[in-house]
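Peer 1: sharing a model prediction with you, sequence too.
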Amino acid sequence: MIRKTVANVTEALVGVQDGMTFMLGGFGLCGIPENAISELVKLGVNDITCISNNAGVDDFGLGLLLQKHQIKKMVSSYVGENDEFERQMLSGELEVELTPQGTLAEKCRAAQAGFPAFFTPAGYGTEVAEGKEVREFNGKMYILEEAFKADFAFVKAWKGDAAGNLIFKGTARNFNPCMCGAATITVAEVEELVPVGELDPNQIHIPGIFVQRIFQGKDYEKRIEKRTVRQK
């Protein structure tokens, strides 16, 4: 049995360099790879491209990398909760490639499955389609979207084993699964790391073949992005 466990986040991020492209799972602040992000900040890597649904908030998640101006380009579908993201985008400090959310997910999944590109109707007739091939299928227009190319994918799972098999919990099963195996190296951080054989095969969401490194994370904050309570 191939064991993919590494001792800690420092060992998991060996090989990370300036100018690389990273995928980061999560949706808002749900299911984000907190340990990997903190280590990227600590390492001080610069001129990086981040592929993520959004950039977290100003003082948490990818917002920490934005604060340090480590991100050169963001490929995402939503920017609404991060004031620093908005400021850098409008000032021209940050290159931003806005992508329809479903297209973003499919560009990850296509890379995971080994497909170089796919056709989608999303974005046809808008700025999203500029410079892209357009074809008609059954009377409907589609644009060609290429799969992502990334050096590392950083994902967060609830539970995993030494072979890299992963189980995601609740809403954290968002962009994380489709980013596994979609980059040259996939690094998974998990809340609970168990020996091979302890996970029910019927409950595994991502098989270990899609994961190169796995470690048990620590000190998760699991912040609530927007707390809404009932009026008294």
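Peer 2: Yes, it's here.

Peer 1: residue 102 against residue 121, yeah?
Peer 2: No - using CB atoms under 8 Å, residue 102 is not in contact with residue 121; the gap is 10.1 Å. Glycine gets a C-beta too; all of them are placed from N, C-alpha and C.

Peer 1: give me the common contacts of those two.
Peer 2: Residues touching both residue 102 and residue 121 by CB atoms under 8 Å, 6 or more residues apart in numbering: none at all.

Peer 1: which stretches of this protein have low pLDDT?
Peer 2: 1 (pLDDT under 70).

Peer 1: now do the strands in it.
Peer 2: 21-24, 48-51, 71-76, 95-98, 117-120, 134-137, 140-146, 152-161, 166-167, 185-194, 213-216 (DSSP state E).

Peer 1: which among the ones you listed is found nearest to residue 106?
Peer 2: strand 117-120 (6.3 Å; CB to CB).

Peer 1: for residue 178, list the residues it contacts.
Peer 2: 105, 108-109, 112.

Peer 1: among those residues, who's most crowded?
Peer 2: residue 108 (27 neighbours; other CB atoms under 10 Å).

Peer 1: that one against residue 146, yeah?
Peer 2: No - counting by CB under 8 Å, residue 108 does not reach residue 146; the two are 12.0 Å apart.

Peer 1: and the gap between residue 7 and residue 14?
Peer 2: Here the distance between residue 7 and residue 14 works out to 11 Å (CB to CB, to the nearest Å).

Peer 1: go on, residue 66?
Peer 2: Counting by CB to CB, the gap from residue 66 to residue 14 is 24 Å.

Peer 1: these two: who's more crowded?
Peer 2: Neighbour totals were compared for residue 66 and residue 14, and residue 66 leads with 23 against 10 (other CB under 10 Å).

Peer 1: how about the more buried one, nearest residue that isn't a chain neighbour?
Peer 2: residue 84 (5.0 Å; CB to CB, 6 or more residues apart in numbering).

Peer 1: and the one you found, how many neighbours?
Peer 2: Around residue 84 there are 17 residues (other CB under 10 Å).

Peer 1: surely it is in contact with residue 65?
Peer 2: No - using CB under 8 Å, residue 84 is not in contact with residue 65; the gap is 10.2 Å.

Peer 1: and the helices in the protein?
Peer 2: 9-12, 34-43, 63-67, 83-91, 101-113, 176-179 (DSSP state H).

Peer 1: mind saving the C-alpha coords of the third one as PDB?
Peer 2: Below are the C-alpha coordinates for helix 63-67, written out as PDB (Å, rounded to 0.1, in the frame of the first residue of the first chain):
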ATOM      1  CA  GLY A  63      -7.600  37.400   2.200                       C
ATOM      2  CA  LEU A  64      -4.400  36.800   4.200                       C
ATOM      3  CA  LEU A  65      -2.400  36.300   0.900                       C
ATOM      4  CA  LEU A  66      -4.000  39.400  -0.600                       C
ATOM      5  CA  GLN A  67      -3.000  41.500   2.400                       C
END
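
Peer 1: alright, calling it a day.
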